[in-house]
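S.K.: sequence first, then the predicted structure, then my questions.
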Amino acid sequence: MELKDLTTDCLEHIASKLNAVDLIALASCSQFWEATVKSCRIPIEHLYVNAAGLGFARESPGLSRILLGVKPLGRRFVHFFFYVKTQEELEVIRQDERTIIKMIDRRNMIQIDETNIKIYTTTPVESFFYVLDYMLQLFNGVIEHMMFGHVYTNEDELVLRVLRLKPVSECERLTLPSRGHISPILYHHVLNSTTLYRVIIHCDVDDPITLETQTNISHLNITYAGWVTLPSLLNMNSETIELIEPTITLRDMNVFVKNWLEGDNKKLRRVSIHRCRGFEWTNDEKYELLDGLESEEWNEATNSRERFYEDE
């Protein structure tokens, strides 16, 4: 009996025991095995993209231009590093006896170990999207978490193109990095999403923006939130909101709390604001926040309150 004579359930069981690199290699053997791997509909637990290297000089051949990380559910990451080479350099690599050539979707890729794959190319962006598209076809279950690293405004086009890919656009969790700047266009694209459930944005925005329409992201966490003023805060139709360094005064927060407690927004459950730019907290100023509100001191013993506003 040959492998192809096994039942579909048996073949899928075999595929379920393989790591990501082995699955990629198996799929490259034949269209039969490619179809078998695809039929497993393996979810992607984490999808990671870092395109900071696109800003590197051509004289930095040892640095990858783009990093793509794919972590299928229950498996380790497989990383793809995209390097820029000339046609002459590519020919030298092909002729090197130490080069181990592997095939991905009938294109040559260069594998260096069990979790890292180097791609040498004259067109890194084109090659990146080719590999990404194939990975999304191969591991075609849901994408649980989309992550970017070191995003800068000159990479907006690439980031937006990734976010608009159908499997990615249906993802519910998104993390933008702990450094870098993004453009208002990218910021608005994320905040206007109708599918995202949890978003973490740990980077600044180049120009001031205003959230003029409601965002319906349930859990929103924003560092460098200096652009967030009262109008934008009122448009955050979220369950939990965490902001660091927003530009909000105590009077603004008084308005927000009244809107929260007296309005019809039953979805919002918790707001956490750290290091507000709009004031310096003193005991006297707290009454500006509490003006017109029924309030009580936080009870450390019970550590509970029906609804509360937290500032640190």
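M.R.: Done, it's in.

S.K.: touching the helix or strand containing Phe256 from outside, list them.
M.R.: Per DSSP states H and E, Phe256 falls inside helix 250-262. The contact list for helix 250-262 (CB atoms under 8 Å, 6 or more residues apart in numbering) reads 229-230, 233-234, 248, 265, 268, 271, 273, 278-279, 285-286, 288-293, 307, 309, 311. All C-beta spots, glycine's among them, are computed from the backbone N, C-alpha and C.

S.K.: okay, that helix in CSV with CA atoms only?
M.R.: Extracted in CSV, the C-alpha atoms of helix 250-262 (Å, rounded to 0.1, in the frame of the first residue of the first chain):
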residue,chain,number,x,y,z
LEU,A,250,-10.3,66.6,34.6
ARG,A,251,-13.4,68.4,33.2
ASP,A,252,-13.2,66.2,30.1
MET,A,253,-13.2,63.1,32.3
ASN,A,254,-16.1,64.5,34.3
VAL,A,255,-18.1,64.7,31.1
PHE,A,256,-17.0,61.3,30.0
VAL,A,257,-17.9,59.7,33.4
LYS,A,258,-21.4,61.3,33.3
ASN,A,259,-21.9,60.1,29.7
TRP,A,260,-20.8,56.6,30.8
LEU,A,261,-22.9,56.4,34.0
GLU,A,262,-26.0,58.2,32.7
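
S.K.: ok, how many other residues are close to Val168?
M.R.: 19 (other CB atoms under 10 Å).

S.K.: do the one 3 residues further on as well
M.R.: Here the count is done by other CB under 10 Å, and Cys171 has 20 residues near it.

S.K.: quick check: it touching Met147?
M.R.: No: Cys171 is beyond contact range of Met147, at 10.1 Å (criterion: CB atoms under 8 Å).

S.K.: what sits in contact with each of these two?
M.R.: By CB under 8 Å, 6+ apart, the residues touching both Cys171 and Met147 are Leu47.

S.K.: now do the helices in this protein.
M.R.: Along the chain, counting by DSSP state H, helices occupy 8-16, 20-27, 31-39, 87-95, 124-138, 156-164, 166-169, 184-191, 230-234, 250-262, 286-290.

S.K.: what's the fifth one packed up against?
M.R.: Contacts of helix 124-138 with other secondary structure elements, assessed using 3 or more CB pairs under 8 Å, 6 or more residues apart in numbering; DSSP states H and E, are made with helix 20-27, helix 31-39, strand 44-50, strand 66-72, strand 78-84, strand 116-121, helix 156-164.

S.K.: from Ala15, how far off is the spatially closest residue to Lys85 that is not a sequence neighbour?
M.R.: Excluding the flanking residues, the one nearest Lys85 by CB to CB, 6 or more residues apart in numbering is Tyr120, at 4.4 Å. Between Tyr120 and Ala15 the computed distance is 29 Å (CB to CB, to the nearest Å).

S.K.: which of the two has more neighbours?
M.R.: Applying other CB under 10 Å to Tyr120 and Ala15 shows that Tyr120 carries more neighbours, namely 22 against 19.

S.K.: hey, what's that one bridged with?
M.R.: Tyr83 (DSSP bridges).

S.K.: same check on Asp204?
M.R.: His181.

S.K.: how far away from the center of its chain is stretch 34-48?
M.R.: Here the centre of stretch 34-48 is set off from its chain's centre by 18 Å, with CA atoms, centre = their mean, to the nearest Å.

S.K.: quick one: average confidence on it?
M.R.: Averaging pLDDT along stretch 34-48 gives 92.

S.K.: contact partners of that stretch?
M.R.: When contacts are defined by CB under 8 Å, 6+ apart, stretch 34-48 is touched by residues 8, 11-12, 15-16, 23, 26-28, 67-74, 77, 105, 135-149, 168, 171.

S.K.: end to end on it, go ahead and measure it.
M.R.: 23 Å (CA to CA, to the nearest Å).
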